[in-house]
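[1] how would this look folded up:
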Amino acid sequence: MFSQNICFAKHLNPEKYYQQKWCEACNGILEYRLTDGARVDCLTKDYAIEFDFANKWAESIGQSLYYALKTGRKPGIVLIISNEKDCEKYLKRLYTVANLHGIRVWTMNE
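    Below is the predicted model of the structure:
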């Protein structure tokens with residue numbers, strides 16, 4: 001038998017579900033299209049925000065920084081957490097880099 005890490009388990013909802021819920025609550029623009037065709041998951045008055053599940057923490061960093069650069073907003077990440085205990089290592093890694101580069105991080109539980 002093997003132990004399956006819950007961060008890699010099938011998710012309850014697709015990423016877009018969490019984007020919509022959070023972005024609407026924050027009066028943001030969902031999937032804001034940049035001039036190069038890239039899409040910011042949620043653009044608020046102050047932040048260009050990337051959403052990702054915890055195991056994709058590293059990808060979220062580059063995207064949030066790029067979106068911030070292209071929009072003139074601050075970079076932000078909403079990390080979707082399946083199980084905080086099992087995803088703790090991803091949060092630690094993300095916070096380490098985010099603190100260094102001024103990226104605002106929020107978490108959202110599945």
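[2] any idea which helix or strand in this structure has the lowest mean pLDDT?
    Lowest on mean pLDDT, DSSP states H and E among the helices and strands of the chain sits helix 84-101, with a mean of 88.
[3] now do that one: which elements does it pack against?
    Under the contact definition 3 or more C-beta pairs under 8 Å, 6 or more residues apart in numbering; DSSP states H and E, helix 84-101 sits against helix 57-71, strand 74-81, strand 104-109. The C-beta positions use only the backbone N, C-alpha and C, and glycine is treated the same way.
[4] just the buried positions in the first one, please.
    In other words, helix 57-71. For helix 57-71, burial by neighbour count (16 or more other C-beta atoms under 10 Å) applies to 57, 60, 61, 63, 64, 65, 66, 67, 68.
[5] which one of the residues you listed is nearest residue 94?
    For residue 94, the closest of the buried residues of helix 57-71 turns out to be residue 57, at 4.3 Å, with distances computed as C-beta to C-beta.
[6] need the contact list for residue 27.
    Residues near residue 27 by C-beta atoms under 8 Å, 6 or more residues apart in numbering: 44, 45.
[7] give me the element residue 22 is part of.
    In this structure, residue 22 sits in helix 15-25 according to DSSP states H and E.
[8] let's see that helix as CSV, backbone CA atoms only.
    Output for helix 15-25, consisting of C-alpha atoms alone and laid out as CSV, is shown next (Å, rounded to 0.1, in the frame of the first residue of the first chain):
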residue,chain,number,x,y,z
GLU,A,15,-9.6,26.1,-9.7
LYS,A,16,-12.0,28.3,-11.6
TYR,A,17,-14.7,27.7,-8.8
TYR,A,18,-12.4,29.2,-6.2
GLN,A,19,-11.3,32.1,-8.5
GLN,A,20,-14.9,33.1,-9.1
LYS,A,21,-16.0,32.8,-5.4
TRP,A,22,-13.0,34.8,-4.1
CYS,A,23,-12.8,37.4,-6.9
GLU,A,24,-16.5,38.2,-6.7
ALA,A,25,-16.3,38.7,-2.9
